[in-house]
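can you look at this prediction? I've put the sequence above it.
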Amino acid sequence: MATTSPPSVPNLWDPAWAGSELAALVYRSNLLASDRSIVNFGGGNTSTTVIEPDHTGRSTNILWVKGSGSDLATIDARGFTGLRLDEILPLGTREAMTDEEMVEYLARCQIDPSMPRPSIETLLHAFIPHAHVDHTHPDAVGAIVGAVDGERLAEECFGDEAVWIPYLRPGFALSKLVAEAVAANPGAKLVLLAKHGLVTWGASAQESYAETLDAINRAATFVEERSEGRPAFGGTVRAAVPEEQRAALLAQVLPALRGAVSVDGPRILQVDVSPAVLEFVCGRESAATSQIGAACPDHLVRTKRRPVWVEFDSEREDAAVLRRRVVEAVAAFQERERAYFEAYRSSEDVLSDPSPRIVLIEGVGLVSVGRTLTAARLARDLYLRAIEVMRGASALGGFVSLSDEESFAVEYWPLELYKLTLAPPARELQGMVALITGAAGGIGSAIARAIAGEGGCIVASDIAAERAGALAAELGEVARAVETDVSSEASVIAAFRAAVLVYGGVDVVVSNAGIASSAPIEETTLDEWERNHSILARGYFLVAREAARLLRDQGMGGSIVFIGSKNALAAGKGASAYSSAKAAELHLARCLAEELGGEGIRVNTVNPDAVLEGSGIWDSSWREERARSYGIAPDELEEFYRARTTLRRNVVPADVAEAVLFFASPQRAVKSTGNVLNVDAGVAIAYPR
């Protein structure tokens, strides 16, 4: 198959690469999916057929095919399933076969029952009489198979080298139809599945890979030639909102949007304002095009049939208008989804979350929605691919998609839903976002690790920006560092705004930033007094005020946790500035519990004592000052504190983190507010009473 122009997708196959046929299948799959314009996350499937000995030593014709639910970009040999091909081929003589029969039959053909369930499209690979088969969903090919006059366009692009297959949901019927069409066209080199994707093959793994790239590059050249001189999406209907204004709009709108889509648990939001997205949301024809349907059946479970499109004129309308319109648009979408479900449901179907996965705001950008950060980013990434398909199809005369009935058959298809069951089970704080002040310290970082370990996203807020950044880097993509001075009103407001723009909002706020000083009252300077109260009293007030504003704005309840101190309850000599500020924190928490409880916002306090491990406070002059007040050496403090507790134990940051997890959890502490939980190993003078 000759390439008609310099390839837009380069051939990355290393001529020096060598390995077994299964290793070559892995290599080929990884190469294809390294470009997401070729293979979507979790989409596509590849196969190879080899003769290998089975467990008895007999030579066996084995079809190695991608296992269901795996991703070709990261798949290894364990992600493929081996099946006895000679037992599968007789199915080609059948007239019909249900999905359930197909799954059960293929399970009996596996060479090892512990292997993953084979791809939904295993029969397609089995019935095509070639040793190496690739099924992908390239953007360029998607533009042709998703165009109004796709079959004619396919003929223009590929001639008689391509077989056109009208849309059918994957399974036995589609596989048999493809097999018959390929057999009837021995000169064919590829199959185009209407509204779906591409199938190619070769005599070797390298040849199959090359044939896939060649088909993609021919399609890309075809689309590019016919797009020349045509403005994308009918041209620009309005200019994109400037960056600063856009951030201000999103900061005001995202909390309300998050509350609207979180119908059965908190959601993570991701904003995309890339050039491709801005071109789309500013397009004259984009509103109508976006509502035609999904660009590929593989997208449906993760992006739904359609996004929410929100009209907005930034020159005449403000954030309040946009906020109200977004909430109304989400509510209308949810009603349509419920009606769609009722129209096509069977008695076994269960309504999935009716909220949108993609929200497009005219002139502003794209917001994706997910139960986890990964899910939100996956929905975003898949819709970016959809934009490219719609761009190409529109240039070719118009974009088409599945009907609602066809969409439902995929979206609620048990074989498609099965893939979702392969994901790890939901963790306790899935979808939740925690903003932690003083996150870089010993207690703060332990809290961040504990919440992230339970599935939460972290906004690591600290005045020590470098150390907060190191913590966020350790936790990975679920964490973002924000430099914050809690004594500064502007800095605290900026921290919460950053949390909104990064994750959509906040569910848990842990006020933990702190300092400490020790001196007799007559030696306590005014600066020392003011510094303690600035950070520990004013700082906690400022953080709590912004937390209350945001949590109320979302309308989802939430949890505020103060990290207090034993000193908030127990009088101690030589620490009046610190202790009085901590007492102010404690009473503020009680006041807020009463004030915010009606809206489901819980406010509780954790009182640790003598947490020396990893503490910046205890590594300062505070250690010497406290030792001096007790008349002991600084290195004797740890034993001194242990000896004075009822449990004879020292307290470490992880102990405090466990207490915070309790109050953060909507499962464990849903009916706890206004409470004080001492984590001090038992200091009798500080028992709450």
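That came through, no problem.

can you get me a residue count around the residue lying closest to E405 once chain neighbours are set aside?
Leaving aside its chain neighbours, E405 sits nearest to Y344 (6.0 Å; criterion: C-beta to C-beta, 6 or more residues apart in numbering). Quick note: C-beta positions are derived from backbone N, CA and C, even for glycine. Neighbour count of Y344, defined by other C-beta atoms under 10 Å: 15.

ok, Y344 - contacts?
D404, E405, F408, A409, Y412 (C-beta atoms under 8 Å, 6 or more residues apart in numbering).

distance of it from L351?
11 Å (C-beta to C-beta, to the nearest Å).

ditto for H55
45 Å.

looking at the two, which is more packed in?
Comparing H55 with L351 by other C-beta under 10 Å, the one with more neighbours is L351, at 12 against 8.

my read is that the more buried one contacts F341, right?
Yes - the pair L351 / F341 is scored as a contact, 4.9 Å apart, by C-beta atoms under 8 Å.

what's near enough to touch E207?
Per C-beta under 8 Å, 6+ apart, neighbours of E207: H132.

can you name the element that comes right after the helix or strand where it lies?
Counting by DSSP states H and E, the element that carries E207 is helix 205-227. Next in sequence after helix 205-227, counting helices and strands by DSSP H and E, comes helix 243-261.

now do that following helix, average pLDDT.
Across helix 243-261, pLDDT averages out at 97.

for stretch 156-169, same thing?
96.

please compute how far that stretch lies from its chain's middle.
The chain centre lies 35 Å from the centre of stretch 156-169; the measure is C-alpha atoms, centre = their mean, to the nearest Å.

go on, stretch 244-251?
22 Å.

for it, which positions count as buried?
By neighbour count with 16 or more other C-beta atoms under 10 Å, stretch 244-251 contains the buried residues R246, A247, L249, L250, A251.

find the nearest non-adjacent residue to the first one, please.
The reference is to R246. R246's closest residue in space is V364 (C-beta to C-beta, 6+ apart), at 5.7 Å.

mind checking which helix or strand of this structure has the lowest mean pLDDT?
helix 621-630 (a mean of 65; mean pLDDT, DSSP states H and E).

which elements pack onto the helix or strand where S175 lies?
For S175, the element it lies in under DSSP H and E is helix 172-184. Packing contacts for helix 172-184, counted by 3 or more C-beta pairs under 8 Å, 6 or more residues apart in numbering; DSSP states H and E, involve helix 122-127, strand 162-165, strand 190-193.

I'd like the ones you listed as CSV, with distance to Q554 and mean neighbour count appended.
Shown next, in CSV, are the helices and strands packed on helix 172-184 (distance: least, C-beta to C-beta, whole Å; neighbours: other C-beta atoms under 10 Å):
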stretch, distance to Q554, mean neighbour count
helix 122-127, 45, 26
strand 162-165, 47, 21
strand 190-193, 42, 25
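
buried subset of the contacts of Y344?
Using 16+ other C-beta under 10 Å, the buried ones in the contacts of Y344 are F408, A409, Y412.

show me how the record splits the protein into domains.
Taking automatic domain parsing as the domain assignment, the ranges for the chain are 21-227, 243-421, 433-614+652-680.

which of those is buried the deepest?
Each of those was scored by mean neighbour count; the highest is domain 433-614+652-680, a mean of 21, by mean count of other C-beta atoms under 10 Å.

on that earlier part again, dump the domains of the chain into a markdown table; add distance to V237 as well.
Shown next, in a markdown table, are the domains of the chain (distance: least, C-beta to C-beta, whole Å):
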| stretch | distance to V237 |
| --- | --- |
| domain 21-227 | 19 |
| domain 243-421 | 4 |
| domain 433-614+652-680 | 26 |
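
which one of those domains lies nearest to T645?
Distance to T645, taken as C-beta to C-beta, is lowest for domain 433-614+652-680 among these, at 6.7 Å.

in helices, which of the contacts of Y344 fall?
Within the contacts of Y344, residues falling in helices by DSSP state H are D404, E405, F408, A409.

measure the last one to I361 for me?
Shown here: A409 relative to I361, a distance of 31 Å by C-beta to C-beta.

ditto for the first one
In this structure, D404 lies at 25 Å from I361, with C-beta to C-beta as the measure.

stretch 310-323: end-to-end distance?
Taking C-alpha to C-alpha, to the nearest Å, stretch 310-323 runs 10 Å from one end to the other.

going forward, the N-terminal residue is numbered 290.
Let's use 290 as the start, then, which means that last one is stretch 599-612.

show residues contacting it.
Contacts of stretch 599-612 (C-beta under 8 Å, 6+ apart): 527, 530, 534, 537-538, 541-542, 545, 576, 614-615, 618, 648-653.

check the offset of the longest helix anywhere in the chain from the chain's centre.
Ranked by residue count under DSSP H, the longest helix found in the chain is helix 608-633. Helix 608-633 has its C-alpha centroid displaced from the chain centroid by 22 Å (C-alpha atoms, centre = their mean).

with stretch 764-775 instead?
The answer for stretch 764-775 is 18 Å, by C-alpha atoms, centre = their mean.

same check on stretch 355-370?
Put simply, stretch 355-370 sits 20 Å off its chain's centre (C-alpha atoms, centre = their mean).

now do stretch 682-699
Relative to its chain's centre, stretch 682-699 lies at 26 Å (C-alpha atoms, centre = their mean).

in the stretch 790-939 of the chain, which spans are helices?
For the stretch 790-939 of the chain, applying DSSP state H, counting those that start in this stretch gives helices covering 815-822, 828-843, 865-885, 910-919, 926-933.

ok, of these, where does mean pLDDT dip lowest?
The minimum mean pLDDT among the helices of the stretch 790-939 of the chain belongs to helix 910-919 (a mean of 65).

related to what we said a few turns ago, mind putting the buried ones among the contacts of Y633 in a markdown table, distance to G720 and pLDDT included?
Listed next are the buried ones among the contacts of Y633 as a markdown table, based on distance: C-beta to C-beta, whole Å; pLDDT from 0 to 100:
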| residue | distance to G720 | pLDDT |
| --- | --- | --- |
| F697 | 26 | 95 |
| A698 | 29 | 94 |
| Y701 | 23 | 93 |
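
which stretches of this protein have low pLDDT?
Residue ranges of the chain with pLDDT under 70: 290-296, 899-916, 918, 923, 925, 978.

kindly recompute the last result at 80.
By pLDDT under 80, the low-scoring segments of the chain are 290-296, 708-709, 711-712, 805-807, 860-862, 899-934, 978.

state the distance from the residue of it positioned farthest from its centre to S865.
Here the chain reaches farthest from its C-alpha mean at E811, the gap being 55.4 Å by C-alpha atoms, centre = their mean. Distance, E811 to S865, by C-beta to C-beta: 10 Å.
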